[in-house]
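Participant: Structural data only, the sequence is not supplied:
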């Protein structure tokens, strides 16, 4: 066998070992397991954070500005913020346990137990 043939044989032997040999694949998988796990963990954390940010932006309504107006009796009402409208009674600023972030006033209305 010539030197060139021996070199090709060794290359082929390494190729077969890497591609087809179970022992090599198992050994290679075990060596890369922490790296693969970390990559998947980081990727899943990034996807989760992106989904949470998208959900928080759409699901949790922002505060709403109410323009000032004049009542029919002539009383001027200045513009102000209020919590966004939804179906919950207990998450309004005027409910006990909640604080208006703009005025610092605590809520005084009794909470409802549904």
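Facilitator: Sure thing, it's come through. Quick caveat: nothing in here was measured; it's all calculated off a predicted structure. Residues are numbered from 1 along each chain as shown.
Participant: Wait, a helix at residue 41?
Facilitator: Yes. Using DSSP: H, G, I helix; E, B strand; the rest coil, the assignment for residue 41 is a helix.
Participant: how close does it get to residue 51?
Facilitator: Residue 41 sits 16 Å away from residue 51, going by Cβ to Cβ, to the nearest Å. Any C-beta I mention is one placed from the backbone N, CA and C, and that applies to glycine too.
Participant: With residue 3 instead?
Facilitator: 59 Å.
Participant: neighbour-wise, which of these two wins?
Facilitator: Taking other Cβ atoms under 10 Å, residue 3 and residue 51 do not tie; residue 51 has more neighbours (10 against 7).
Participant: Helix, strand, or coil at the more buried one?
Facilitator: Put simply, residue 51 is helix when judged by three-state DSSP.
Participant: Would you mind measuring from it to residue 45?
Facilitator: With Cβ to Cβ as the criterion, residue 51 and residue 45 are 11 Å apart.
Participant: which secondary structure element contains residue 102?
Facilitator: Following DSSP states H and E, one finds residue 102 outside all helices and strands.
Participant: Can you give me the neighbour number for it?
Facilitator: Residues near residue 102, counting by other Cβ under 10 Å: 11.
Participant: Quick one: residues contacting it.
Facilitator: The contact partners of residue 102, by Cβ atoms under 8 Å, 6 or more residues apart in numbering, come to 80-81.
Participant: Can you pull out the low-pLDDT segments for this structure?
Facilitator: Applying pLDDT under 70 to the chain flags residues 1-2, 4-5, 7-9, 11-33, 55-61.
Participant: Tell me where it has strands.
Facilitator: Applying DSSP state E to the chain gives strands spanning 64-66, 69-70, 76-77, 80-82.
Participant: Could you count how many residues lie near residue 92?
Facilitator: By the criterion of other Cβ under 10 Å, residue 92 has 16 neighbours.
Participant: do residue 72 as well
Facilitator: Around residue 72 there are 5 residues (other Cβ under 10 Å).
Participant: now the one 10 residues further on
Facilitator: Using other Cβ under 10 Å, residue 82 has 14 other residues around it.
Participant: what's near enough to touch it?
Facilitator: For residue 82, the contacting residues are 63-64, 66, 93, by Cβ under 8 Å, 6+ apart.
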